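Visitor: Need coordinates for the below:
(chains A and B)
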Amino acid sequence: MDEQARSILQRIIKKTPSKRLETIIRSWNCLSEDQLHSLNYSQPKWLFLENLVSRCEENRVSLKDVTKLEMIYHIHNPNQGTWHACQLFQAEDDALSVHFTQFRESFIAHLEDVVQHVSVGMKKLEDGAIWVRIAWGDNFRKPNHLKPTYLVHYLQSSYVFIHNVTPKHRPFLYQALVLATRHVSIKECHLSSRSLTAMRDLLMKQYQQVFPTNQERTLKERNAPPSHPNIEREHAESSEGRHQMACEAFGCGVLPKLETAVYKLETRYRGNSNNTLNDGDELFRGVVKFSSKNILESLRHCVSTGMAEGPVTPLLSSITQKGRNYFVITDKVSGATASQTPAPKA
Amino acid sequence: KKNMLDFFILGLFISPGSAVNTPVRRPVTRRSKSYGRSCVEPPSLFWQTPGHLTTLGHRIPTSRRAAKSHNITEKVDPEQVALLLDGEWKLSYVTPLFLFRHTQLKLYSKRLAAFIIAEKQQGVAVEVGLEAGFRVSFSAVLGMAETEEDAETISSRPVFGADGSKPVWQGWLTCVNGDPEYLRSLPPDFTSLPLFCSRGAESLSALVKSWFQRTFDCSFGALGLSSSTLHWLAALWTGCHPAAGIRYLKLGWTMPTQPPLDIEYSVDPQDAWELWNSVHKEDGADERISVDEVQSFINGLETHFFRHFKIYLSSGTLTKVSTALGSAHHHGKIKVITINSDYISTVLTLLTECALLKTPV
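Guide: You can find the predicted model right below:
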């Protein structure tokens, strides 16, 4: 077992809680049943590692095998590290018929065309997700397995989730992806999170959405003068209206666990009318960052309790509508009273 | 290695013509512990329970001096300033100290060290396993006092551990530009150093506080920073931008949503300053900032935010203000960056005032 394999193994053992070690090592399938039984998972990690290494050496476990264990670790912990979402555009006619084997062969072949030393591991899960691990090298160096890139793609979907890719390797990765999935182009979604599942659920709309069916009624009610003498009921109705509005914007029930949303404001100052800053064309620059354990649920609560004024601003509803959590906000060019439009990062 | 048990460091710096007025000792009849300075006041005040605001309560200043570069290092030993500023401090208020003498710091060092050892040997309050070897150093940082009435800053650092180089706990007491009327109204033998800043293990903070309480008949309380204090700091720091370069103005709110939502608004320094400049009227020599200016500055920022996100920030709590000059948290934590120590006295004036306002009668 070489130094690289050992340090990868050490890293995995260190990061995995003791009670989950067995599950991970069992699903690795590299040790025999006897060997699995001989390991004591409650040992101190350093001692456990020594024992594990000696078992691995008995079985002549290779570096490639250890990278498989790392992949299992990441599959079991999809909510670690920062993931970025990308979207594929302009599908070719045969894009829908790409299957796993075809994708794998084509992806690896295209990557090897441009990078001489590259090591790719790929695994398809039951839910249809394809997990890819890429260790990059170059013309002179062997792949560095200590800094692998991970990517997750669901075939026939247009989204790809990428973890830990350097700007140097990004073009190679994009090209191989576009060609292997039979698309023409790929773009960043401006959505990033520590939670892969949250991003997937948000982009693939795997949460309970509420569609504006009674928009007209709500609007009419909002504008109508208070006709009913029963104020209690009126309050209940308006809070119901707010709740409806909040759910339309952010969804209903349990929502994808997105932790942050960032807005870069490059708009003109809009404050008090008597303020001299209003006259200037100067921008009032700033960055607003929302963070919470689950910002979608926080924002929904914020709107439905009246801490935010309705209707929900497109800036906030764009998180779900456009599946993004990074926005650059600029003024619309035409008209002095223009409202903000979430515009993509330049 | 030296045996730290009987090794104490005393740092006492006295500059000529300093404002220290060690009161002449006079026999005073001492009464029950918890009433602090109220013991010689008229009975009407005397019977007020602790917890009432002081007479300062209805005199919160509506204007302040703008932060001016005030080269503090000319008056104060730069090393001492660095010691006071570097890092983040937890704030508390202290009621006036009874029979505190600036001349007896050496004695206090010894007594505090002995007290901590004694408490440790009882097996309470300090984690087991810490070496008994440590030293306490008390020092007076002279030159921090801005007016005749201000007592000089005191800092204290018990130093634990074998190497002795890195203090395990640090704390200091200060009074900068304290309300002169209040300070003059104090009976003799009381010294007001209302602002107590500490950092280090909570258990040690508790020990030091309890020693002060026993020795000087004072009491401590947590000093949170209200949103209006944070507003002042935001405005004071922003006003410093042309001279010091604040790099950013960051305001943080927490909204009471489920789950709680944190909003951090970071404003471009130049744009923040321009907004400040548009609400702040320069009035020549005596540069003052009024509470209305501070309010309209903050309103201006909040309105701009509201126009974008339609969220009422007023339903949340302002929790944090920070610039490159420092940061302040509403839980009562403050950080002032050493390289910009010039503006420290402005900040300390504000904090002294907060501490005085909190001090129960």
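
Visitor: Now do the SS call for A:V132.
Guide: Secondary structure for A:V132, judged by DSSP: H, G, I helix; E, B strand; the rest coil, is strand.

Visitor: go on, A:S298?
Guide: The three-state assignment at A:S298 reads helix, by three-state DSSP.

Visitor: before we move on, what about the one 3 residues further on?
Guide: Of the three states, A:H301 takes helix according to three-state DSSP.

Visitor: Of all the residues in the stretch 51-200 of chain A, which one is nearest chain B?
Guide: In the stretch 51-200 of chain A, the residue that lies nearest chain B is A:A198 (13.7 Å; Cβ to the nearest Cβ). No exception for glycine: its C-beta is placed from N, CA and C like everyone else's.

Visitor: That residue contacts A:T260, doesn't it?
Guide: No. A:A198 is not in contact with A:T260 according to Cβ atoms under 8 Å; the separation is 10.8 Å.

Visitor: Now for the residue of the stretch 51-200 of chain A closest to chain B, which secondary structure element holds it?
Guide: Per DSSP states H and E: A:A198 is located in helix A:196-203.

Visitor: now what about that helix, what contacts it?
Guide: With Cβ atoms under 8 Å, 6 or more residues apart in numbering or on different chains as the test, helix A:196-203 has contacts from A:78-79, A:83, A:85, A:152, A:154, A:159, A:161, A:163, A:189, A:191-193, A:206-207, A:256-259, A:296, A:319-320, A:323.

Visitor: now do stretch A:182-190
Guide: With Cβ under 8 Å, 6+ apart, stretch A:182-190 has contacts from A:84-92, A:94-95, A:98, A:158-160, A:174, A:177-178, A:203, A:323-327, A:344-345.

Visitor: Filter the residues you listed down to the buried ones and express that as a PyMOL selection.
Guide: Buried members of those, defined by 16 or more other Cβ atoms under 10 Å in any protein chain shown, are picked up in PyMOL with:
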select buried, chain A and resi 84+85+86+87+88+95+98+158+159+160+174+177+178+203+323+324+325+326+327
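
Visitor: I'd like to know how far the residue nearest the centre of chain A sits from B:I263.
Guide: Compute the mean C-alpha point of chain A, and by Cα atoms, centre = their mean the closest residue is A:M199, 3.7 Å away. Distance of A:M199 to B:I263, given as Cβ to Cβ, to the nearest Å: 22 Å.

Visitor: Repeat that for A:H74.
Guide: Per Cβ to Cβ, A:H74 is found 32 Å from B:I263.

Visitor: Of the two, which one has the most company?
Guide: In this view A:H74 and B:I263 are compared by other Cβ atoms under 10 Å in any protein chain shown, and B:I263 has more residues nearby, 23 against 18.

Visitor: Would you mind naming what in the stretch 201-346 of chain A lies close to chain B?
Guide: Counting by Cβ under 8 Å from any Cβ of the partner chain, the stretch 201-346 of chain A comes close to chain B at A:263, A:265, A:267, A:269-272, A:275-277, A:282-295, A:297-299, A:301-302, A:305, A:307-310, A:312-313, A:315-316, A:329, A:340.

Visitor: Give me the contacts around stretch A:295-310.
Guide: Stretch A:295-310 has contacts (Cβ under 8 Å, 6+ apart) with A:202, A:222, A:239, A:241-243, A:245-247, A:249-251, A:254-256, A:258-261, A:290, A:292, A:312, A:316, A:319-320, A:325, B:255-261, B:306, B:309-312, B:315-316.

Visitor: average pLDDT for that stretch?
Guide: Throughout stretch A:295-310, pLDDT has a mean value of 93.

Visitor: Flag every buried residue along it.
Guide: Neighbour-count burial for stretch A:295-310 flags A:295-305, A:307-308, A:310 (criterion: 16+ other Cβ under 10 Å).

Visitor: and A:H153, how many residues sit next to it?
Guide: Other residues within reach of A:H153, judged by other Cβ under 10 Å, total 23.

Visitor: How about the contacts made by B:D268?
Guide: The contact partners of B:D268, taken as Cβ under 8 Å, 6+ apart, are A:F284, A:R285, A:G286, B:Y248.

Visitor: at 7 Å what do you get?
Guide: A:R285, A:G286 (Cβ atoms under 7 Å, 6 or more residues apart in numbering or on different chains).

Visitor: about what we covered before: which pLDDT value does the model give the residue of the stretch 51-200 of chain A closest to chain B?
Guide: Reported pLDDT for A:A198: 93.

Visitor: Settle this for me: B:T359 is touching B:L193, isn't it.
Guide: No. Contact between B:T359 and B:L193 fails when scored by Cβ atoms under 7 Å: they sit 11.0 Å apart.

Visitor: So for A:A198 and A:T260, which residue has more residues nearby?
Guide: A:A198 (24 against 16).

Visitor: Where does the record place the domain boundaries for chain A?
Guide: According to automatic domain parsing, chain A comprises the domains A:3-76, A:83-203, A:215-343.

Visitor: in the stretch 151-300 of chain B, which spans are strands?
Guide: For the stretch 151-300 of chain B, applying DSSP state E, counting those that start in this stretch gives strands covering B:153-160, B:169-174, B:190-191, B:195-200, B:220-222, B:249-255, B:261-267, B:288-290.

Visitor: A:I319 belongs to a strand?
Guide: No. According to three-state DSSP, A:I319 belongs to no strand; its state is helix.

Visitor: In chain A, what residue spans correspond to helices?
Guide: With DSSP state H as the criterion, chain A has helices at A:3-15, A:18-28, A:33-38, A:45-58, A:63-76, A:100-114, A:170-180, A:196-203, A:215-223, A:231-250, A:295-304, A:314-322.

Visitor: hey, least reliable of those helices by pLDDT?
Guide: Across the helices of chain A, helix A:215-223 gives the lowest mean pLDDT, at a mean of 52.

Visitor: still on that earlier bit, give me the buried subset of the residues of the stretch 201-346 of chain A next to chain B.
Guide: Taking 16+ other Cβ under 10 Å as the criterion, what is buried in these is A:263, A:265, A:267, A:269-271, A:275, A:277, A:284-292, A:294-295, A:297-299, A:301-302, A:305, A:307-308, A:310, A:312-313, A:315-316, A:329, A:340.

Visitor: got any ranges where the stretch 101-250 of chain B has weak pLDDT?
Guide: Residue ranges of the stretch 101-250 of chain B with pLDDT under 70: B:123-134, B:141-166.

Visitor: So which of the strands of the stretch 151-300 of chain B is nearest chain A?
Guide: Nearest of the strands of the stretch 151-300 of chain B (Cβ to the nearest Cβ): strand B:261-267, 3.8 Å.

Visitor: Which elements pack onto that closest one?
Guide: Packing contacts for strand B:261-267, counted by 3 or more Cβ pairs under 7 Å, 6 or more residues apart in numbering or on different chains; DSSP states H and E, involve strand A:283-291, helix A:295-304, strand B:249-255.

Visitor: hmm, who's touching it?
Guide: Contacts of strand B:261-267 (Cβ under 7 Å, 6+ apart): A:286-292, A:295, A:298-299, A:302, B:248-255, B:301, B:305.

Visitor: what's around B:Y93, how many residues?
Guide: Using other Cβ under 10 Å, the number of residues around B:Y93 comes to 23.
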